[in-house]
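> Coordinates only, no sequence provided:
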């Protein structure tokens, strides 16, 4: 046989699968059942409506899911911002406390230094007044007299009078 003849025979050959299955079942003794399990194809108008419902439901569900994700992102961002603000506030409070403590310490040191300067000035004034009063006593006529008396004739009485009038 020629290759062309085989191709033509195959083209002309047709198989009806349903008929073949039915013939086989009859030969084997199976009885033919009513096609209750066979579904009729869907009407195109019903298919279009079902497809529209599926598309609209999918789009609406997708939008709801997208909105939910965006809401979760916003919540996470707000929580993070709140946490950052709390941390910043705690840091600012800590810095404020440290600055206040440093200011109080500096003020205490300045107060102490001022009191020390005042004490030194007071001591200098008292020393100067004591020196001036001592000089006045030494320059007084009574001190000069008893000083000379004690140098010329040192006795217990002249030493006592010199101490009383000169302040030694």
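Thanks, I have it. These numbers come from a predicted model, not from an experiment. Residues are numbered from 1 along each chain as shown.
> where in this protein is pLDDT low?
For the chain, the stretches with pLDDT under 70 are 1, 9-17, 31-38, 168.
> center of it, which residue is that?
Among the residues of the chain, the one closest to the centroid is residue 87, at 3.3 Å (Cα atoms, centre = their mean).
> where's the helix or strand harbouring residue 82 relative to the chain centroid, distance-wise?
Using DSSP states H and E, residue 82 falls within helix 44-139. The chain centre lies 11 Å from the centre of helix 44-139; the measure is Cα atoms, centre = their mean, to the nearest Å.
> Who are the packing partners of it?
Contact here means 3 or more Cβ pairs under 8 Å, 6 or more residues apart in numbering; DSSP states H and E; on that basis helix 44-139 packs against helix 141-152, helix 156-166. Any C-beta I mention is one placed from the backbone N, CA and C, and that applies to glycine too.
> and the angle for the last one with helix 141-152?
Helix 156-166 and helix 141-152 are oriented at 150 degrees to each other (axes from the mean of the first three to the mean of the last three Cα atoms, to 10 degrees).
> Give me the buried positions along helix 156-166.
158, 161, 162, 165, 166 (16 or more other Cβ atoms under 10 Å).
> Spatially nearest residue to the second one, not counting backbone neighbours?
Using Cβ to Cβ, 6 or more residues apart in numbering and skipping the chain neighbours, the partner closest in space to residue 161 is residue 146 (4.6 Å).
> isn't the one you found right next to residue 167, touching?
No. Counting by Cβ atoms under 8 Å, residue 146 does not reach residue 167; the two are 11.4 Å apart.
> residues contacting residue 162?
143, 146, 147, 149, 150, 168 (Cβ atoms under 8 Å, 6 or more residues apart in numbering).
> Between all of those, which two are at the greatest distance?
The largest separation in the contacts of residue 162, counting by Cβ to Cβ, is between 149 and 168 at 14.0 Å.
> the more surrounded of these two?
Each of residue 149 and residue 168 has its neighbours counted (other Cβ atoms under 10 Å); residue 149 has more, 16 against 13.
> these two touch, right, that one and residue 158?
Yes. Counting by Cβ under 8 Å, residue 149 does reach residue 158; the two are 4.8 Å apart.
> Neighbours of residue 150, how many?
Neighbour count for residue 150, taken as other Cβ under 10 Å: 19.
> Going forward, count from 704.
Yes, from this point I'll number from 704; that puts the last item at residue 853.
> which residues touch it?
861, 862, 864, 865.
> List the buried residues of stretch 836-847.
Residues of stretch 836-847 classed as buried: residue 846 (neighbour count, 16+ other Cβ under 10 Å).
> Distance from that stretch to the middle of the chain?
Put simply, stretch 836-847 sits 78 Å off its chain's centre (Cα atoms, centre = their mean).
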